[in-house]
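**Q** I'd like to go over a predicted model; first the sequence, then the structure.
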Amino acid sequence: KADLINTQFTHITKQVDLISQQAVYQLEHIETFGAHAFENKASMHYYPEKGMFSNAPAERTSRIYYGGSTISTEMQKKINAISHVDLLLKNINDGISQTVASWVVLEEKVISYYPNISLINALPPASEYDVQEDLFYTVAIPKNNINKAIVWTPVYEDPAGQGLMTTASAPIYTADGIFR
């Protein structure tokens, strides 16, 4: 049984690495992928009580931006570019029975979370909670992960209400070494 669990963790680690590589690719080709969202119907609406933008619950992936009350053209390009990872998030999540969710969190305060659980309703307001201070994010930041490796968290309570979980976190670095 331990071998089976180890094999599952190894498989998940490889899939997380694939997500990270794909996110880097989309961001490094932002002029192509930033021009439009993966699903053209995608749009972000501001929720002032949360201090966040979010997309519609009917879309494949929850998308959150919590970096301000407006979205600049450059930020919209990043949001659009990272949306091109959505299908990969879905396929990986749906293909691994032990997976509750798959997501990408960018340093620029953008979250893509599959499946769409209406993340805007699950998260506390941005004034009370910053994803980038949570364990699943901080384990992979440069000062905590100098080897730029995929890191597994200890078990924790999911802030989006999905119960107890562990996360494989992969840092996202561009080819020129910038942490994303």
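**A** Now that the structure is in, tell me what you want to look at.

**Q** okay, and the residue nearest the centre of the chain sits in which element?
**A** For the chain, the residue nearest the mean C-alpha position is Val104 (1.6 Å; Cα atoms, centre = their mean). Assigned by DSSP states H and E, Val104 belongs to strand 102-106.

**Q** thinking again about what came up before, please name the nearest non-neighbouring residue to the residue nearest to the centre of the chain.
**A** Computed as Cβ to Cβ, 6 or more residues apart in numbering, the closest residue to Val104 that is not its neighbour in sequence is Ser112, at 4.7 Å. No exception for glycine: its C-beta is placed from N, CA and C like everyone else's.

**Q** how far away is that neighbour from Phe38?
**A** Relative to Phe38, Ser112 is positioned 10 Å away (Cβ to Cβ, to the nearest Å).

**Q** quick one, which of those two is more surrounded?
**A** Set side by side, Ser112 and Phe38 give different neighbour counts by other Cβ atoms under 10 Å, the larger being at Ser112 (27 against 19).

**Q** same for the helix ranked longest in the chain, what does it pack against?
**A** Of all segments of type helix in the chain, defined using DSSP state H, the longest is helix 2-28. Contact here means 3 or more Cβ pairs under 8 Å, 6 or more residues apart in numbering; DSSP states H and E; on that basis helix 2-28 packs against helix 73-83, helix 86-95, strand 102-106, strand 168-169.

**Q** returning to that earlier point: for the residue nearest to the centre of the chain, list the residues it contacts.
**A** Val104 makes contact with Ile19, Ala23, Ile82, Val85, Leu89, Val110, Ile111, Ser112, Ile172, according to Cβ atoms under 8 Å, 6 or more residues apart in numbering.

**Q** what's the burial count for the first one?
**A** Other residues within reach of Ile19 by the criterion other Cβ under 10 Å amount to 21.

**Q** what residues are up against it?
**A** With Cβ under 8 Å, 6+ apart, Ile19 has these contacts: Val85, Leu88, Leu89, Ile92, Ser102, Val104, Ala170.

**Q** how about low-confidence regions in the protein?
**A** By pLDDT under 70, the low-scoring segments of the chain are 40-42.

**Q** rerun at 80
**A** Along the chain, segments meeting pLDDT under 80 span 39-42, 98, 161.

**Q** pick the one among the contacts of Ile19 closest to Asp176.
**A** Nearest to Asp176 among these, counting by Cβ to Cβ, is Ala170 at 18.0 Å.

**Q** I'd say that closest one and Leu18 touch.
**A** No - in this structure Ala170 lies outside contact range of Leu18 using Cβ atoms under 8 Å: 9.0 Å.
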